[in-house]
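[1] sharing a model that was predicted from the sequence below.
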There are 2 protein chains.
Amino acid sequence: MKPVIFDTDIGIDDAMALLFAHYSEGISIRAITTKYGNASVEDTTRNALQVKEMFAISAPVYQGASAPLSTRLGKGYPSHVHGKNGLGDVQFDEPQVQAETWTAAQALVEISKESEGRGEKISIIAVGGLTNIAAAIALDPAFPSRVGELIVMGGAFGYNQHSGNVSPVAEANIASDPLAADIVFTSDIPTTIVGLDVTQEVTMDKFFIQSLADCAGLAGQFIKKTNKHYFDFYHSISGKHECPLHESSAVAYHLNPDLFSTTRRPVRVVTEGIALGQTIHSNELRAYVTDAWDNIPDCTICTQVNAPAVLALYQSTLALAG
Amino acid sequence: MKPVIFDTDIGIDDAMALLFAHYSEGISIRAITTKYGNASVEDTTRNALQVKEMFAISAPVYQGASAPLSTRLGKGYPSHVHGKNGLGDVQFDEPQVQAETWTAAQALVEISKESEGRGEKISIIAVGGLTNIAAAIALDPAFPSRVGELIVMGGAFGYNQHSGNVSPVAEANIASDPLAADIVFTSDIPTTIVGLDVTQEVTMDKFFIQSLADCAGLAGQFIKKTNKHYFDFYHSISGKHECPLHESSAVAYHLNPDLFSTTRRPVRVVTEGIALGQTIHSNELRAYVTDAWDNIPDCTICTQVNAPAVLALYQSTLALAG
């Protein structure tokens, strides 16, 4: 079981992904780091503590960024997607546990050192914007060298005809802090990007949700309750009775990368103008007029996904909670 | 025969497109307007005059923009693609004819008025950046209402897995003046965009070129001579013995739009940052966080092309020069 830091702006589908990681046999959650995004950082931290307490997740929670490093797309929080409290406005008991004193960035740096001391590199699954990861790089420039793997849910590259969801080209997590994402993607952290290209291919319907409610105990019931708001939002924009498993797809990549096809390219993020938040990888071996993609480490970019296998992996993992 | 203004930064493939328009039975070239782009405006104007003289094109030539309205991508001229003189460094006699006194923008405005006086709207085929068209709008805000149709070769929207050719997302014509393109695409001019999405599907090989040299008289021999430089460039970047018929695809659309599939969307152009020059259309009926695509007229965007039919149309048209 590889130790993983789970970085999140928890969020309805973030909570689903956290439960996926928690009940999977391949992941030991070492820490949960929070940030603003789907709701304020106070709300997302409370949500993390509530999920931790309800499902006896032993990992400590560290509160992180309350705002982006630089210009983000939009303002406020997407209550139309995640509810005002970030969990579909379902009310849960106030948590008895508290967040730790370290900030998320401090926790990322210190836990990476601790792991290094044991001769291993920490893995990170990041299912929100990348402010905490960029802040950790700023805190300690050697941080990237101690990260074994960073799996990011975010971005969109135009594969499978999927483009942005908060602008024609920008995806919500990356658009919540474009500069932070550009810092992370151009750093030496070995990064895999699980973008809308694949997450929008992994859609769950009401039968899927009901199967979890039936077979995954309290976790399944939690998912059914919180997802009502999320489902209603997706139905309102698409007319379909289904919604994507964005954040859980990043966990699935960690558990079984063979479920995805990938390409390796340098990635930059647009930090200004109408394309703000767009992720762009270079394409061809040609003499571009621009040098913006030169001398940047490759990211691994998911281009295709075996969606039924991801859904089946989610179900079989959550069944362990039943 | 509909009168057409041919706006161009002539250019090897621009010259091919101009000959295509000249020998086609459906087009009467009313004027040739020039701009910087593939070479300086002095060079492109000389090239236009040379082609006019060599092939007895009756249309007058009007010199236009020597620089973009705002930041463009890159600097200098692409001599590695078009040669230093813009015609593959093949030397032709100095032209005896001269450009007219009106600027390109003046000519666009005045000719559109003249056409209106005859109860018709002028068509424009633009195969360079859109500086002259934007300048005409600035000169006369009523200009858009007098244009029946503008067909632009430029941009890239990611269809058929084609993205940018001067950056991962930007196409050369649009990148030569992103702000001008944004002004034109958001104006009331009925605009069709023939981008890399389709032009990179229409590729010619040496057999095609030789068929023109054999059957299209002096025009075919001119094309064979000037294209050597262009072919060598494309071979150097792709390893293939073929190159795209970019500019001629816009003429083909004018002659027979049924050879293309299209979609209609509002289009914006990125005017800053690493995505400078990217063309972006809005995608879905959803509440984007950005309003940058709101309340903008639709452009027609080519998404698919019957490439063999375009090539055959080019050959059969040029055969009339033989």
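    The structure has been received and is ready for your questions.

[2] quick one, helices of chain A?
    Assigned by DSSP state H, chain A shows helices spanning A:12-23, A:41-54, A:79-82, A:104-117, A:131-139, A:172-175, A:178-185, A:196-199, A:206-215, A:217-238, A:246-255, A:307-318.

[3] tabulate the ones you listed (TSV), appending mean pLDDT and distance to chain B.
    C-beta coordinates here come from the backbone N, C-alpha and C atoms, glycine included. Below are the helices of chain A laid out as TSV (pLDDT from 0 to 100; distance: least, C-beta to the nearest C-beta, whole Å):
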stretch	mean pLDDT	distance to chain B
helix A:12-23	98	17
helix A:41-54	98	19
helix A:79-82	92	8
helix A:104-117	97	24
helix A:131-139	98	17
helix A:172-175	97	7
helix A:178-185	98	9
helix A:196-199	98	11
helix A:206-215	96	21
helix A:217-238	94	4
helix A:246-255	98	15
helix A:307-318	98	20
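
[4] mind putting these into CSV with distance to B:F55 and mean neighbour count?
    Shown next, in CSV, are those (distance: least, C-beta to C-beta, whole Å; neighbours: other C-beta atoms under 10 Å in any protein chain shown):
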stretch, distance to B:F55, mean neighbour count
helix A:12-23, 62, 26
helix A:41-54, 68, 23
helix A:79-82, 60, 20
helix A:104-117, 67, 20
helix A:131-139, 59, 25
helix A:172-175, 51, 30
helix A:178-185, 50, 26
helix A:196-199, 48, 29
helix A:206-215, 66, 16
helix A:217-238, 54, 18
helix A:246-255, 58, 27
helix A:307-318, 56, 19
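
[5] out of these, which is closest to B:A65?
    Relative to B:A65, the nearest member of the helices of chain A by C-beta to C-beta is helix A:178-185, separated by 32.6 Å.

[6] what is the orientation angle of that closest one with helix A:131-139?
    Relative orientation of helix A:178-185 and helix A:131-139, computed by axes from the mean of the first three to the mean of the last three C-alpha atoms, to 10 degrees: 60 degrees.

[7] and for helix A:178-185, what's in contact with it?
    A:68-73, A:129-131, A:133-135, A:137, A:150, A:152, A:154-155, A:170, A:174, A:191, A:193, A:267-271, A:276-277, A:279, A:296, A:299 (C-beta atoms under 8 Å, 6 or more residues apart in numbering or on different chains).

[8] C-alpha coordinates for that helix, PDB please?
    C-alpha atoms of helix A:178-185 as PDB (Å, rounded to 0.1, in the frame of the first residue of the first chain):
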ATOM      1  CA  PRO A 178      -4.300  28.800 -13.600                       C
ATOM      2  CA  LEU A 179      -0.900  30.100 -12.400                       C
ATOM      3  CA  ALA A 180      -0.600  27.400  -9.800                       C
ATOM      4  CA  ALA A 181      -1.300  24.800 -12.400                       C
ATOM      5  CA  ASP A 182       1.300  26.300 -14.800                       C
ATOM      6  CA  ILE A 183       3.900  26.300 -11.900                       C
ATOM      7  CA  VAL A 184       3.200  22.600 -11.100                       C
ATOM      8  CA  PHE A 185       3.000  21.300 -14.700                       C
END
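
[9] what about that helix, distance to the chain center?
    Distance, stretch centre to chain centre, for helix A:178-185: 14 Å (C-alpha atoms, centre = their mean, to the nearest Å).

[10] confidence score at whichever residue of the stretch 51-200 of chain A sits closest to chain B?
    Closest to chain B within the stretch 51-200 of chain A is A:G74: 3.4 Å, counting by C-beta to the nearest C-beta. With respect to pLDDT, A:G74 has a value of 89.

[11] next: A:A67.
    Note for A:A67: predicted pLDDT of 97.

[12] can you count the residues close to it?
    Look at A:A67: counted by other C-beta atoms under 10 Å in any protein chain shown, it has 13 neighbours.

[13] for chain A, which strand is longest?
    Counting by DSSP state E, the longest strand found in chain A is strand A:260-269.

[14] for that strand, packing partners?
    Secondary-structure packing of strand A:260-269 (3 or more C-beta pairs under 8 Å, 6 or more residues apart in numbering or on different chains; DSSP states H and E): helix A:178-185, strand A:191-194, strand A:279-281, strand A:298-305.

[15] got the contact list for the closest residue to A:T303 other than its chain neighbours?
    Leaving aside its sequence neighbours, A:T303 sits nearest to A:Y159 (C-beta to C-beta, 6 or more residues apart in numbering or on different chains; 4.6 Å). Neighbouring residues of A:Y159 by C-beta under 8 Å, 6+ apart: A:G195, A:D197, A:V198, A:T303, A:Q304.

[16] and if you look at A:P95?
    When contacts are counted by C-beta under 8 Å, 6+ apart, A:P95 is found next to A:R46, A:L49, A:Q50, A:K52, A:E53.
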